[in-house]
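Engineer: coordinates only, no sequence provided:
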């Protein structure tokens, strides 16, 4: 029995995408609803963090998420790539990189059919589909002055607004395209645990930890306790 072919359209509900704008640094502009994780940075790094953006390598594999309760593990096939934008550059003239992962709605037993079923340029087709949202002046081309203004107490962050705009991207049709099975690399199954409820963290920005928070607060508290203890000890010595 033949495995079902992947869907011919890519929807943002199954798309993970990290990139940058002309004036803002790398961050997620789209996170999937299927599958759902509280944070995506370490997962993305495990998939394509070591890939060469200029090489055009295509990767695929399985993401296994350990769900709490009787459901157990859920397994999601994916395709992923890291690539350079054909046209866009940042304000310094450097070419923009994209980190893209798509979770096609197929069963895990259909995984081996992906390299021959998905066009080798699937990511470029999706990028073209994002032109009206990510490529707009409200997201990629947002002026530096508007970015500075958004940091001065806006209730909704600029990054959250950008993600909301990108989420409105219509489904992108892949249609027929040239497959290149030799360019694909199968990765070992990636296993993750859902430690927090879905949606607890919807956005990861460049330079943040995997829970979306800057490290260091715990270290500060520990150092403060040490200083208090040393101060008390010194007072005891003086009093003696």
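Structural biologist: Received, thanks. Please read all numbers here as calculations on a predicted model, not as lab measurements. Residues are numbered from 1 along each chain as shown.
Engineer: tell me where the longest strand sits in the protein.
Structural biologist: The single longest strand within the chain, with elements called by DSSP state E, is strand 73-89.
Engineer: sheet partners, orientation included, of that one?
Structural biologist: For strand 73-89, the paired strands and their directions (DSSP bridges) read strand 58-66 (antiparallel), strand 95-102 (antiparallel).
Engineer: what's the most buried one of the ones you listed?
Structural biologist: For the strands paired with strand 73-89, the largest average neighbour count (mean count of other CB atoms under 10 Å) is found in strand 95-102, namely a mean of 21. For glycine as for every other residue, the C-beta is placed from the backbone atoms N, C-alpha and C.
Engineer: after that strand, which helix or strand is next?
Structural biologist: helix 114-117 (DSSP states H and E).
Engineer: returning to what we had before: in the longest strand of the chain, what's buried?
Structural biologist: By 16 or more other CB atoms under 10 Å, the buried positions in strand 73-89 come out as 76, 77, 78, 79, 80, 81, 82, 83, 84, 85, 88.
Engineer: thinking again about what came up before, just send the strands paired with strand 73-89 back as a markdown table, with mean pLDDT and distance to residue 127 too.
Structural biologist: Formatted as a markdown table, these follow (pLDDT from 0 to 100; distance: least, CB to CB, whole Å):
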| stretch | mean pLDDT | distance to residue 127 |
| --- | --- | --- |
| strand 58-66 | 97 | 14 |
| strand 95-102 | 98 | 7 |
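Engineer: same list (these) but as TSV, adding distance to residue 111.
Structural biologist: Below are the strands paired with strand 73-89 laid out as TSV (distance: least, CB to CB, whole Å):
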stretch	distance to residue 111
strand 58-66	6
strand 95-102	13
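Engineer: which one of those lies nearest to residue 112?
Structural biologist: Proximity to residue 112 (CB to CB) singles out strand 58-66 among these, at 9.1 Å.
Engineer: need the contact partners of the closest one.
Structural biologist: Strand 58-66 has contacts (CB atoms under 8 Å, 6 or more residues apart in numbering) with 35, 37, 43, 47-48, 51, 72-81, 103, 108, 111, 114-115, 120, 180, 183-194.
Engineer: list buried members of those residues by neighbour count.
Structural biologist: For the contacts of strand 58-66, a burial check counting by 16+ other CB under 10 Å picks out 35, 37, 43, 47-48, 51, 76-81, 103, 111, 114-115, 120, 184, 190, 192, 194.
Engineer: what's the closest of the strands paired with strand 73-89 to residue 14?
Structural biologist: Closest approach to residue 14 among the strands paired with strand 73-89 is made by strand 95-102 (6.3 Å; CB to CB).
Engineer: what about that closest one, distance to the chain center?
Structural biologist: Centroid displacement of strand 95-102 relative to its chain, using CA atoms, centre = their mean, to the nearest Å, is 9 Å.
Engineer: likewise stretch 183-195?
Structural biologist: Relative to its chain's centre, stretch 183-195 lies at 14 Å (CA atoms, centre = their mean).
Engineer: many thanks, we can stop here.
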